[in-house]
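> fold the stuff below for me.
(2 chains)
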Amino acid sequence: MADHIALQVDNLVKRYRTVTALDGLSLTIHAGELLGLIGPNGAGKSTTVKIVTGQLLADSGTVKVGGHDVLKAPLEARRQTGYVPQDVELYPFLTGRELLDYVAEVRGTDPKTANVGELLERFGLSAAANRLTREYSEGMARKLAVAAALIGDPRLLILDESLTGLDPRAAAEVKAVVRERLEQGSAVLIISHILDVLERLCTSVVLIDNGKLVERLARPEIDAMVAGGTTLEDFFLEKTAP
Amino acid sequence: MQAEHAKRSAGVSARYLRIAAWRRLTQSPLSMRLVGLVVGLAALAAGWLAFDALAATDLAPAELAARDHLVRGRAFWINTLVAFIFAYVSFEVLMRARDRRFVGTLPISGSSRYTTLLVRALVRHTPLLLPSALYALALALRGAPRLATYVAALGALLFLVGIPLCCAVHLWAGHSLLGDATPLKRMMASGLVADEAALLVWAPAGGLLAVLVLGLFAEFTLRDALIYNRADGALIVVGVAAVVTLLCVRSGRRLANESMHLIQPRFDELDVPPPFTDDGVRRRVPGEWLARYAPAPATPYVLRDLRQLRRRYRLDRWLLGVFAIVALRLNLAGDSAASLSHNLTALALFVGLFLLSAFRLYGRELDSFWLSATIVDDRRPAALGRVLADATLPLFAPVVAAVAVAIAGDLATALWTLVGGLLVVATMLVCGHSLAAWAFPGRVGAAAIIWRAGVLALSGVVLWQIT
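Just a heads-up that it's a prediction; the model follows:
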């Protein structure tokens, strides 16, 4: 199970007219692995996530989620992916509970077995469960989006700046959820600029810049680096110095 | 398995989206709902008065053939206008649905997504059935049941076939995004959009053309069937319409199932004009000269809104060309130019429905809520800037109308059309922007609907008075 590849990105190239956003990027995330994707603004992180989640088409290269090509078998790939976008857009005139029910049903899961009530409670949204999502604060909307991403037991969870804007309790809850997912054999991809969190949580960190992979650090390397007095932030600043 | 999932997810989507749509409709503030109700009823009443007046005019000739001719001509123009609207708006529904990013990452099959959007397009356009229905009712009540049946049948048929047809055309055009930019596409894009997206620019026009071709066929056969009592014609037109609809829906669903997940992301990527991505943004947009004459405090707002409007809505200036055709048709149809009242009513209707951008400038499309709320100390220059930026296109409409009247040979009316037209445009700008500002930030969309209903209502009353 541990060798099962949850996400395989091969030689991804994406150009926006004259700008090359991704220049042959390759990544692999195994089941049970938590990979942090870091890089300066414009490095290609969001482009990568958009291609992985089928929101953008690459010029060349392939993306497979759980062995399913996102272009050739989009439904299978999406069934295995839980995604929390950077900019959360919800249906404003559904309540929080209805939105989760909707996601559960679309994913082919009975809302009862999807434990919608439990998810709402876990993220402190029970009291607001029957309020329209348009009345939610940004943090509440983000928590609801995380809950929605967990429905259907996805094998790959992608969190794009999902810790930003959360209160400490909610952030702790998200981290706990991430640990649970890892224990259950799922893989997690986190894109974040909160480097100290990634430093503590991730099993590996990938730094990309100008659409290329600069360096991949495994957990032992991160530990050794921190033990030597260098933080992930120092590493980032050094590797991305102009 | 795939088909079962498609069926299930389509049902799920429809159920939840129906709940959301109903709430959107019913959970507006009470004041907004009351205003909407009053304006809606007024629009309906005014529409009735206008169409009743038109029916009276069209049934006035004693000769039966002349009546038929007038009614068929009127039905043709009503349906052309309706098709023009749904050919363009159905494109927005299909390709720019607000929930596309949320839905795009869920395991929903392309065919069920297409079905949801098709139903959404049909529901959203339901009010477009009203013009034909009101005109048909007026004809029936004035003792022309055959003509009434003909008008109602033609309107309903073009609506029910036209929207699936347009949606299929948009999707086929969307599919062309997946190919390379050919020289033909480059020529068709004319630098307005990315070359690959050339067919998409022409898709609404293609949809309109397809509906008009179908409309001509339906017109001939329905005329034979319902006016000249040749019953087999009705069977033919219903049969052909059913086959066309079925083919459009089936081929659309099949194409969506194969490639909706490719078309939508490609469209989102290319839905930006080339100058924005190739070599930066063009420094100037048409109409910036107006900012020189604006009061100094309003100048930054004029430039801000003008640049946003012209860059976001790049095809709006073509609408002036459409208005020129309408104005020429109005003034060259008879022996002399149309009256001042007719010209001003047509102008108000066109500007109010198509050229006024108040609800875009105050809406979420172009406004920055937090900037508006935090950095603007004095709201008067900001409001003035918005009006002036919005005025750049509508201000040309009176000129176009006046030229059309002058071509018809009535210079005095042309001059009055110009003066009166400028007053009408100024009044509409002030009223439209006041309404949008009142509804900002939460209910600009609802205010836009109220505005359109109000414009239709007033135009209907004026038309009733002058006909």
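> can you check which helix is longest in chain B?
helix B:231-270 (DSSP state H).
> that one near chain A at all?
Yes: legend: contact between helix B:231-270 and chain A by C-beta under 8 Å from any C-beta of the partner chain is shown at B:261-262, B:265-266, B:268-269. For the C-beta atoms, the positions are set from N, CA and C on the backbone; glycine is no exception.
> buried ones in that helix?
Of the residues in helix B:231-270, B:233-234, B:236-238, B:240-241, B:244-245, B:248-249, B:252-253, B:255-257, B:259-270 count as buried by neighbour count, 16 or more other C-beta atoms under 10 Å in any protein chain shown.
> what is that helix packed up against?
Contacts defined by 3 or more C-beta pairs under 8 Å, 6 or more residues apart in numbering or on different chains; DSSP states H and E place helix B:231-270 against helix B:100-104, helix B:110-124, helix B:145-175, helix B:198-222.
> right, so of these, which gets closest to chain A?
helix B:100-104 (5.3 Å; C-beta to the nearest C-beta).
> what about the strands in chain A?
A:5-16, A:19-30, A:34-38, A:60-65, A:68-69, A:81-84, A:156-160, A:187-191, A:204-209, A:212-218 (DSSP state E).
> show me what the longest helix along chain A is packed against.
Of all segments of type helix in chain A, defined using DSSP H, the longest is helix A:168-183. Under the contact criterion of 3+ C-beta pairs under 8 Å, 6+ apart, helix A:168-183 touches helix A:138-150, strand A:156-160, strand A:187-191, helix A:195-201.
> CA-only coordinates of it, as PDB, when you get a sec.
Output of helix A:168-183 as PDB, limited to C-alpha atoms (Å, rounded to 0.1, in the frame of the first residue of the first chain):
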ATOM      1  CA  PRO A 168      -5.900  28.400  15.500                       C
ATOM      2  CA  ARG A 169      -8.500  25.800  16.500                       C
ATOM      3  CA  ALA A 170      -9.600  25.200  12.900                       C
ATOM      4  CA  ALA A 171      -6.000  25.200  11.700                       C
ATOM      5  CA  ALA A 172      -5.200  22.600  14.300                       C
ATOM      6  CA  GLU A 173      -8.300  20.600  13.200                       C
ATOM      7  CA  VAL A 174      -7.100  20.700   9.600                       C
ATOM      8  CA  LYS A 175      -3.700  19.500  10.600                       C
ATOM      9  CA  ALA A 176      -5.300  16.700  12.600                       C
ATOM     10  CA  VAL A 177      -7.400  15.700   9.700                       C
ATOM     11  CA  VAL A 178      -4.300  15.600   7.500                       C
ATOM     12  CA  ARG A 179      -2.500  13.300   9.900                       C
ATOM     13  CA  GLU A 180      -5.600  11.000  10.000                       C
ATOM     14  CA  ARG A 181      -5.700  10.900   6.200                       C
ATOM     15  CA  LEU A 182      -2.100   9.900   6.100                       C
ATOM     16  CA  GLU A 183      -2.600   7.200   8.600                       C
END
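> so what touches that helix?
Applying C-beta atoms under 8 Å, 6 or more residues apart in numbering or on different chains, the contact partners of helix A:168-183 are A:32-34, A:122-124, A:139, A:142-143, A:146, A:150, A:157, A:159, A:162-163, A:166, A:188, A:190, A:197, A:201, A:203.
> angle of that helix against helix A:138-150?
10 degrees (axes from the mean of the first three to the mean of the last three C-alpha atoms, to 10 degrees).
> roughly how far out does helix A:168-183 sit from the chain middle?
What separates the centre of helix A:168-183 from the centre of its chain is 13 Å, taken as C-alpha atoms, centre = their mean, to the nearest Å.
> what does stretch B:356-366 give?
With C-alpha atoms, centre = their mean, you get 16 Å for stretch B:356-366.
> need the contact list for residue A:156.
Counting by C-beta under 8 Å, 6+ apart, residue A:156 has contacts A:6-7, A:29, A:65-66, A:80-82, A:186-189.
> not counting sequence-adjacent ones, nearest residue to residue A:122?
residue A:173 (6.3 Å; C-beta to C-beta, 6 or more residues apart in numbering or on different chains).
> around chain B, which positions in chain A sit nearby?
Chain A comes close to chain B at residues A:16-19, A:50, A:53-57, A:71, A:74-76, A:78-79, A:81, A:83, A:85, A:89-94, A:98, A:101-103, A:105-108, A:132, as judged by C-beta under 8 Å from any C-beta.
> if we use 6 Å, what do you get?
Within chain A, the positions lying close to chain B (C-beta under 6 Å from any C-beta of the partner chain) are A:16-17, A:53-57, A:74-75, A:78-79, A:83, A:89, A:91, A:93-94, A:102, A:105-106.
> still on that earlier bit, so which of the helices and strands packed on helix A:168-183 comes closest to residue B:125?
helix A:138-150 (31.1 Å; C-beta to C-beta).
> check which residues of that closest one are buried.
Counting neighbours by 16+ other C-beta under 10 Å, the buried set in helix A:138-150 is A:140-150.
> pLDDT score for the spatially closest residue to residue A:28 that is not a sequence neighbour?
In space, and not counting its chain neighbours, residue A:28 is closest to residue A:8: 5.3 Å by C-beta to C-beta, 6+ apart. pLDDT, residue A:8: 96.
> would you confirm that residue A:8 contacts residue A:27?
No: Residue A:8 is not in contact with residue A:27 according to C-beta atoms under 6 Å; the separation is 7.6 Å.
> want to throw the strands of chain A into CSV with distance to residue B:179?
Below are these laid out as CSV (distance: least, C-beta to C-beta, whole Å):
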stretch, distance to residue B:179
strand A:5-16, 17
strand A:19-30, 22
strand A:34-38, 32
strand A:60-65, 16
strand A:68-69, 20
strand A:81-84, 28
strand A:156-160, 30
strand A:187-191, 32
strand A:204-209, 30
strand A:212-218, 29
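> hang on, the earlier thing: tabulate the buried residues of helix A:138-150 (a markdown table), appending pLDDT.
Below are those laid out as a markdown table (pLDDT from 0 to 100):
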| residue | pLDDT |
| --- | --- |
| A:140 | 92 |
| A:141 | 92 |
| A:142 | 91 |
| A:143 | 92 |
| A:144 | 93 |
| A:145 | 93 |
| A:146 | 92 |
| A:147 | 93 |
| A:148 | 92 |
| A:149 | 92 |
| A:150 | 92 |
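> of all those residues, which comes closest to residue B:318?
Nearest member of the buried residues of helix A:138-150 to residue B:318, counting by C-beta to C-beta, is residue A:141, at 38.6 Å.
> how much space between the residue nearest to residue A:101 when sequence neighbours are not counted and residue A:134?
Closest residue in space to residue A:101, ignoring its immediate chain neighbours: residue A:111 at 4.3 Å, by C-beta to C-beta, 6+ apart. If you measure residue A:111 against residue A:134 using C-beta to C-beta, to the nearest Å, the figure is 21 Å.
> got it, and residue B:311?
Counting by C-beta to C-beta, the gap from residue B:311 to residue A:134 is 29 Å.
> what's near enough to touch residue A:68?
Each residue near residue A:68 by C-beta atoms under 6 Å, 6 or more residues apart in numbering or on different chains is listed here: A:76-77.
> try 7 Å this time
A:76-77, A:80 (C-beta atoms under 7 Å, 6 or more residues apart in numbering or on different chains).
> among these, name the ones in helices.
A:76-77.
> what does the stretch 1-150 of chain B put close to chain A?
Contact residues (C-beta under 7 Å from any C-beta of the partner chain) of the stretch 1-150 of chain B with chain A: B:5, B:9, B:12, B:16, B:19-20, B:23-24, B:99, B:101-102, B:104-109.
> could you report the neighbour count for the residue of the stretch 301-450 of chain B found nearest chain A?
In the stretch 301-450 of chain B, the residue that lies nearest chain A is residue B:442 (8.9 Å; C-beta to the nearest C-beta). Around residue B:442 sit 14 other residues, with neighbours defined as other C-beta atoms under 10 Å in any protein chain shown.
> so what does it look like in phi/psi?
phi -80, psi -30 (degrees, to the nearest 10).
> excluding chain neighbours, what is closest to residue A:90?
Counting by C-beta to C-beta, 6+ apart, the residue nearest residue A:90 is residue A:133, at 4.3 Å.
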